[in-house]
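Student: Return atomic coordinates for the entry below.
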Amino acid sequence: MIKNLIFDVGDVLIEYRWRDMMMDHGLTLEEAERIGGEIFDHPYWRELDLGNMSTEEVAEGFHKLYPEDGDSIEWFLTHGEYMHVPRPKVWEKVHRLKEKGYKIYLLSNYSEDLFRKHTRGASFLDDIDGKVVSYMIHEAKPEEPIYRHLLDTYGLVASESVFYDDRADNVATARKLGLQAHVIESQEQLLSLLEEREKEYGR
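Tutor: Numbering: from 1, shown residues only. Reported below is the predicted structural model:
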């Protein structure tokens, strides 16, 4: 019987709009795509998620690597509050599942600063029974230790748990460890899966 629902945050419980955010700042789509690649494809981004480097250290590193884009990259790194879009329909569904009797957990890759900015005021935080975020333990998905840490910390049985994440590699690790898991491609798909899960409670 499924008892535990485990959620990634970005592009699952909230929506990302990093391209639009950069374009709102005055960049063209081409510039936004280029700078996004410079940020997300560089090891600095993962070090930020792992809590091994501060936002200031990463910004300084990018200034040295990409002097022409350094100011835009620093603005992006320090204005994460403009990157996300709430998904209130999903949050309401999570609340209903919590009321139904499911335990709710978060398992996400985030720096401390961006996690705080992206979840400020999010109602789903009131419904969670626990969370493991990469910066907290210096481990990140899709590597196994962060999953095992969540399971061990909260005494969860993998076969009694379902994981929702937007990345196939993260879902593959969850399945390898015995969890049911879904790759989330849209808010509509997630709502449909959660509707099914609500009907399945107790089975």
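
Student: can we go C-alpha only for contacts and neighbour counts from here?
Tutor: Noted.

Student: Helix or strand: which one has residue 140?
Tutor: Assigned by DSSP states H and E, residue 140 belongs to neither a helix nor a strand.

Student: do the same with residue 94
Tutor: Judged by DSSP H and E, residue 94 forms part of helix 88-100.

Student: And that helix, what does it pack against?
Tutor: Secondary-structure packing of helix 88-100 (3 or more CA pairs under 8 Å, 6 or more residues apart in numbering; DSSP states H and E): helix 187-199.

Student: what's next to the helix it packs on, contact-wise?
Tutor: Residues from elsewhere that reach helix 187-199 (CA atoms under 8 Å, 6 or more residues apart in numbering): 12, 87, 89, 90, 93, 94, 97, 100, 184.

Student: Flag every buried residue along that helix.
Tutor: Residues 187, 190, 191, 194, 197, 198 are the ones in helix 187-199 that count as buried (16 or more other CA atoms under 10 Å).

Student: re the thing from before, CSV for the contacts of helix 187-199, including neighbour count and pLDDT?
Tutor: Converted to CSV, those look like this (neighbours: other CA atoms under 10 Å; pLDDT from 0 to 100):
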residue, neighbour count, pLDDT
12, 20, 98
87, 15, 97
89, 13, 97
90, 19, 98
93, 17, 98
94, 26, 98
97, 21, 98
100, 13, 95
184, 21, 99
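
Student: got the residue ranges for the helices in this protein?
Tutor: In the chain, the helices defined using DSSP state H lie at 18-24, 29-40, 43-49, 55-65, 70-78, 88-100, 112-119, 134-137, 144-154, 168-176, 187-199.

Student: Low-confidence regions, the protein specifically.
Tutor: 202-203 (pLDDT under 70).

Student: Kindly report the domain assignment for it.
Tutor: As recorded under automatic domain parsing, the domains making up the chain are 4-15+86-199, 18-82.

Student: Using PDB, write out the CA atom coordinates for the helix holding residue 94.
Tutor: Output of helix 88-100 as PDB, limited to C-alpha atoms (Å, rounded to 0.1, in the frame of the first residue of the first chain):
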ATOM      1  CA  PRO A  88      -1.800  26.600  -6.500                       C
ATOM      2  CA  LYS A  89      -3.900  23.800  -8.100                       C
ATOM      3  CA  VAL A  90      -1.100  21.400  -7.300                       C
ATOM      4  CA  TRP A  91      -0.700  22.800  -3.800                       C
ATOM      5  CA  GLU A  92      -4.400  22.300  -3.100                       C
ATOM      6  CA  LYS A  93      -4.300  18.700  -4.400                       C
ATOM      7  CA  VAL A  94      -1.300  18.000  -2.100                       C
ATOM      8  CA  HIS A  95      -3.200  19.400   0.800                       C
ATOM      9  CA  ARG A  96      -6.200  17.100   0.000                       C
ATOM     10  CA  LEU A  97      -3.800  14.100  -0.200                       C
ATOM     11  CA  LYS A  98      -2.400  15.100   3.200                       C
ATOM     12  CA  GLU A  99      -5.900  15.200   4.600                       C
ATOM     13  CA  LYS A 100      -6.600  11.900   3.100                       C
END
